[in-house]
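Student: structure here, sequence nowhere to be found:
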């Protein structure tokens, strides 16, 4: 199951008065390798720390590498395989791996990203985060890059669950839980407002398309494939006939999702 953090009390954007159910669209933002560039090499540091964690369990270099790839492929996250097969403490894993990353030394305030999100019209759409990390990491990144006050809520992988039953993207159940968090009072059997989604993983984008999201695959020029060759890099259709759009610059969202930006908001 997913976790949820309500950040609405800290919003700096003007929230329109809503009478009845909130029918505004939702913009879901992936965080890692989407809101900051892969060139930061945070993913490489993360991989090193995860590999070291496997080794700390007494595994050989070869076995650690094999299981790391196997668990990531089968469960979406290495930690889920570790919890299932090695009975580790998920919060200890987070402390040793994600929480120990020197993010403050690598990332910094991003005025261009902030302006992009500020130009989304709050009368048309709300902005939420959707991450496969634990909440501590997700909130830390949002704070460092300077956009936490523009995000209404964060849906995350809840490593803190006593039963260790936490989902992640690209599982349909994880997306469905996120939708339920975003629209808690939506009348049943009525169409949901549009859900926009941007992520650097094509697997996650494909899964969201199948659920009717209006999704954009973010793939920087010259950068490695997030899914490590597990999918073919071909156009993918969702169940509703939506076709994934790929961009190499988040500024392109001003054009792709022009209907939710303020009038006159153009790509720089």
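Tutor: Perfect, I can see it now. Keep in mind the model is a prediction, meaning the values are calculated, not measured. Numbering: from 1, shown residues only.

Student: buried residues, the one helix or strand residue 79 maps to. List them.
Tutor: According to DSSP states H and E, residue 79 maps onto helix 78-86. Neighbour counts over helix 78-86 (16 or more other C-beta atoms under 10 Å) mark 78-83 as buried. (Each C-beta comes from the backbone N, C-alpha and C, glycine too.)

Student: report the distance from it to the chain centre.
Tutor: Offset of helix 78-86 from its chain centre (C-alpha atoms, centre = their mean, to the nearest Å): 21 Å.

Student: pLDDT on it, on average?
Tutor: Averaging pLDDT along helix 78-86 gives 94.

Student: what's the helix or strand that that helix is followed by in contact with?
Tutor: Using DSSP H and E, the next helix or strand after helix 78-86 towards the C-terminus is helix 90-96. Defining contact as C-beta atoms under 8 Å, 6 or more residues apart in numbering, one finds that helix 90-96 is touched by 49, 53, 56, 79, 82-83, 134, 136-137, 159-161, 164, 166.

Student: who are the packing partners of whichever helix or strand comes after helix 90-96?
Tutor: Per DSSP H and E, the first helix or strand lying C-terminal to helix 90-96 is helix 103-106. Applying 3 or more C-beta pairs under 8 Å, 6 or more residues apart in numbering; DSSP states H and E, one finds that helix 103-106 makes contact with helix 135-145.

Student: tell me the buried residues in the helix it packs on?
Tutor: Buried-residue list, helix 135-145, by 16+ other C-beta under 10 Å: 135-142, 144-145.

Student: same thing with stretch 27-46?
Tutor: Here stretch 27-46 shows 27-36, 38, 42, 45-46 as buried, counting by 16+ other C-beta under 10 Å.

Student: off-centre distance for that stretch?
Tutor: With C-alpha atoms, centre = their mean, you get 9 Å for stretch 27-46.

Student: quick one: average confidence on it?
Tutor: Average pLDDT, stretch 27-46: 96.

Student: start to end distance for that stretch?
Tutor: Stretch 27-46 has an end-to-end distance of 27 Å (criterion: C-alpha to C-alpha, to the nearest Å).

Student: next, count neighbours for residue 93.
Tutor: 21 (other C-beta atoms under 10 Å).

Student: would you mind measuring from the residue sitting nearest the centre point of the chain to residue 190?
Tutor: Nearest to the geometric centre of the chain sits residue 30, at 2.5 Å (C-alpha atoms, centre = their mean). Distance, residue 30 to residue 190, using C-beta to C-beta, to the nearest Å: 27 Å.

Student: next one: residue 262
Tutor: Taking C-beta to C-beta, one finds residue 262 at 28 Å from residue 190.

Student: so if I had to pick from those two, which one is more boxed in?
Tutor: residue 262 (13 against 8).
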